[in-house]
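Novice: My questions concern the predicted model and sequence given below.
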Amino acid sequence: MAEIRIEIPKELEEEIKKLGEKEVNRIVYEALKDKISERLLFKIADQLLENSELNDEQIMKLSDKIKERIAERHGIK
């Protein structure tokens, strides 16, 4: 597995130490996985819509559905 080095802002150092390495690794892993998944979803949506003849209203409805699915995936909704 590849390794990533991150710099922790000074104001977060103490909290990071309290969490411990294992928990911090889990948090960083989940955050990266979620962000990459989100970007891939938008990349796929862009590719699907690239030659689309959808009107603005149809695009907005599709956009709302995508946002809802992302929110559900992240437990926001």
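Specialist: Thanks, I have the structure now.
Novice: Can I get the one helix or strand Lys18 maps to in CSV? Just the C-alpha atoms.
Specialist: Using DSSP states H and E, Lys18 falls within helix 10-19. The C-alpha coordinates for helix 10-19 follow below in CSV (Å, rounded to 0.1, in the frame of the first residue of the first chain):
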residue,chain,number,x,y,z
LYS,A,10,-0.1,23.2,15.0
GLU,A,11,-3.6,24.0,16.4
LEU,A,12,-4.6,20.3,15.7
GLU,A,13,-1.5,18.6,17.0
GLU,A,14,-2.7,18.0,20.5
GLU,A,15,-6.1,16.6,19.4
ILE,A,16,-4.3,14.3,16.9
LYS,A,17,-2.1,13.0,19.6
LYS,A,18,-5.1,12.3,21.8
LEU,A,19,-6.8,10.3,19.0
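Novice: Give me the residues contacting that helix.
Specialist: Ile8, Val24, Ile27 (CB atoms under 8 Å, 6 or more residues apart in numbering). Using the backbone N, CA and C atoms, a C-beta is placed for each residue, glycine as well.
Novice: can we see that at 7 Å?
Specialist: By CB atoms under 7 Å, 6 or more residues apart in numbering, the list of residues contacting helix 10-19 from outside reads Ile8, Val24.
Novice: ditto for stretch 47-65
Specialist: So stretch 47-65 is contacted by nothing (CB under 7 Å, 6+ apart).
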